[in-house]
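# sequence below, structure please.
(one chain, ligands or ions: 1)
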Amino acid sequence: MARVRLNDVTKRYEDITAVNEMNLEIEDGEFICLVGPSGCGKSTTMETIAGLTKPSEGTVHIGDTDVTKLPPKDRGVSMVFQNIALFPHMDVYDNISFGLRLRKYDTEEIDARVDQASDIVQLEGMLDRMPDELSGGQQQRVAIARAIVRDPDVFLMDEPLANLDAKLRVHMRTELQRLHKQLDTTIIYVTHDQAEAMTMSDRIAVINAGELQQIDPPLVCYNEPVNLFVAGFIGSPSMNFVDGELTEKGLATDHFDLEFDVDGLELAPGDAVTMGIRPEDIYPTAQSTTLPSSSAGIDATTDVLEPMGDEIFVYLTLDGSSAETMTSTEASTASNQLQMSVDPDSAIDEGENITVVLDRSKVHLFETASGDAVAHGIETVSKPNADRASAKVEAEAEADAGGRHE
Ligand code: ADP
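Model (predicted):
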């Protein structure tokens, strides 16, 4: 296993900047997901680590070695891709051992490695099957075994589950987590699926338009997104956003006001602020009694109900304006729409006038112009970045103090 570092990596293709000044530090044995929308530069970042493409600027280190100019085969990495690409005329054993045979490993060593790898990915008893006799999931396991036998320092996986059906994908996620525990190897995994990233990784690197937005454990990205992009990308269904303006007393929107102490914010009354709230943090007033701190009631009309079994998604229109008069695109981006998630046994009907409240501890505020987060929770207004910086200083001070005691 090895640490991977990208220092100021930029990759340009003529007039396209696919990756822009990317700095990443991936720890030994960490499972990290690079996640972001299609075309944001995830694969290009991965390819610069693999050595399949050279950065226009910047360096890549694996362990203590600067590998920026090394070919892929000398980097100690193994890759698994979306397109499984097994040799159709070779059985499973030959597919898994292909790279080892090419490198002229002796037969005993090859047998031992294939046995161990096929055991890990649960392909025992299938070594003499041909690829067309395997299911999609089994084929992907052959590809993973082929990567394992090379005993790499770092696994690079680019959307390896994208071609599998939904059920198998969920199953393979668990298998990959088990594999990671068993091999204790650094895994860098590319996906556009935020749910995949949330469930598998130690940390998520959220990328947009070639730039790293946030790199943090999944729940930190979920609870403390650094900007509007991360807030909207992580979590399904997405966070609701309502545009408004900061006042002396809090936030004023076209549909409701939220009162809170604005003194701690680095914004002035009159500044444009976007409020964010996740569907599960909105409650019908009847169900809000357990909330330690809720907002004042907000009047809304229920438009559409989507029963999911374990919860119901309720689409709300604020101020009684009806979504029926809008196109679906207008409705999904409109600031007068909120999506709420409620218990499946909630007695709510379509077209009902209801009052909802927001869990104040889960209200996020963003500066509309920059998109940067300015507060997570409006009970005690805190500055997210300043808080984190001061927590880091405290941690470092503690570590220093510990060091001196030794
Ligand atoms: P992702 O993996 O997030 O979908 P990519 O890293 O594949 O994104 O691509 C990032 C951007 O770089 C896209 O705009 C893509 O069109 C562009 N790009 C990627 N590879 C090449 C290439 N070989 N030549 C020109 N443009 C490329």
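
# shaky segments in the stretch 51-200 of the chain?
Judged by pLDDT under 70, the stretch 51-200 of the chain has no weakly predicted residues.

# those helices in the stretch 201-350 of the chain, which residues are they?
Ranges of helices in the stretch 201-350 of the chain, per DSSP state H, counting those that start in this stretch, are 218-223, 228-233, 328-333.

# please export the C-alpha coordinates of the first one as PDB.
Listed next in PDB are the C-alpha coordinates belonging to helix 218-223 (Å, rounded to 0.1, in the frame of the first residue of the first chain):
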ATOM      1  CA  PRO A 218     -18.900  11.200   3.400                       C
ATOM      2  CA  LEU A 219     -20.900  12.500   6.400                       C
ATOM      3  CA  VAL A 220     -18.800  15.700   6.500                       C
ATOM      4  CA  CYS A 221     -19.600  16.300   2.900                       C
ATOM      5  CA  TYR A 222     -23.200  15.600   3.600                       C
ATOM      6  CA  ASN A 223     -23.600  17.700   6.800                       C
END
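
# on that earlier part again, what's the least confident stretch among the helices of the stretch 201-350 of the chain?
When mean pLDDT is averaged over each of the helices of the stretch 201-350 of the chain, helix 328-333 scores lowest at a mean of 47.

# can you list the residues of the protein near the ligand?
Taking C-beta under 6 Å from any ligand atom as the contact definition, the chain meets the ligand at 13, 16, 18, 36, 38-44. Bear in mind the C-beta positions are built from the backbone N, C-alpha and C, glycine included.

# buried ones only from those, please, as a PyMOL command.
One line in PyMOL is enough to select the buried ones among the residues of the chain next to the ligand; burial here means 16 or more other C-beta atoms under 10 Å:
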select buried, resi 18+36+40+41+42+43+44
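
# in strands, which of the residues of the chain next to the ligand fall?
Among the residues of the chain next to the ligand, the ones falling in strands (DSSP state E) are 13, 16, 18.

# what would those residues look like in JSON lines with pLDDT?
Below are these laid out as JSON lines (pLDDT from 0 to 100):
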{"residue": "13", "pLDDT": "95"}
{"residue": "16", "pLDDT": "94"}
{"residue": "18", "pLDDT": "97"}
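
# give me the residue from the stretch 301-406 of the chain nearest the ligand.
residue 371 (19.7 Å; C-beta to the nearest ligand atom).

# any idea how far the ligand is from residue 107?
As judged by C-beta to the nearest ligand atom, to the nearest Å, residue 107 and the ligand stand 39 Å apart.

# let me fix that: residue 181
Taken as C-beta to the nearest ligand atom, the span from residue 181 to the ligand is 27 Å.

# partners of the residue in the stretch 51-200 of the chain that the ligand sits nearest to in the sheet?
Distances between the stretch 51-200 of the chain and the ligand by C-beta to the nearest ligand atom are smallest at residue 190, namely 6.3 Å. In this entry, residue 190 is beta-bridged to residue 34, residue 158, by DSSP bridges.

# in the stretch 251-400 of the chain, where is pLDDT below threshold?
288-289, 320-335, 380-400.

# if you set the cut-off to 50 instead, what comes out?
For the stretch 251-400 of the chain, applying pLDDT under 50 flags the ranges 320-333, 386, 388-389, 392-393.

# residue contacts, the closest residue in space to residue 377 that isn't next to it in sequence?
Spatial nearest neighbour of residue 377, chain neighbours left out: residue 361 (4.5 Å); criterion: C-beta to C-beta, 6 or more residues apart in numbering. Shown in contact with residue 361 (C-beta atoms under 8 Å, 6 or more residues apart in numbering): 292-293, 377-379.

# swap in residue 4?
24-26, 49, 60-62, 154, 186, 188.

# if I look at it, how far off is residue 64?
Using C-beta to C-beta, to the nearest Å, residue 4 is found at 11 Å from residue 64.

# before we move on, what about residue 369?
Separation of residue 369 from residue 64 (C-beta to C-beta): 42 Å.

# just to revisit the earlier point, could you dump the contacts of residue 4 to CSV with secondary structure, neighbour count and distance to residue 178?
What follows is the contacts of residue 4, written out as CSV (DSSP: H, G, I helix; E, B strand; the rest coil; neighbours: other C-beta atoms under 10 Å; distance: C-beta to C-beta, whole Å):
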residue, secondary structure, neighbour count, distance to residue 178
24, strand, 20, 25
25, strand, 13, 26
26, strand, 24, 20
49, helix, 27, 24
60, strand, 25, 29
61, strand, 17, 29
62, strand, 23, 24
154, strand, 23, 18
186, strand, 25, 16
188, strand, 25, 18
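
# let's have the residues you listed in JSON lines, adding distance to residue 341.
Compiled in JSON lines, the contacts of residue 4 are given as follows (distance: C-beta to C-beta, whole Å):
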{"residue": "24", "distance to residue 341": "34"}
{"residue": "25", "distance to residue 341": "36"}
{"residue": "26", "distance to residue 341": "34"}
{"residue": "49", "distance to residue 341": "38"}
{"residue": "60", "distance to residue 341": "42"}
{"residue": "61", "distance to residue 341": "43"}
{"residue": "62", "distance to residue 341": "43"}
{"residue": "154", "distance to residue 341": "38"}
{"residue": "186", "distance to residue 341": "36"}
{"residue": "188", "distance to residue 341": "33"}
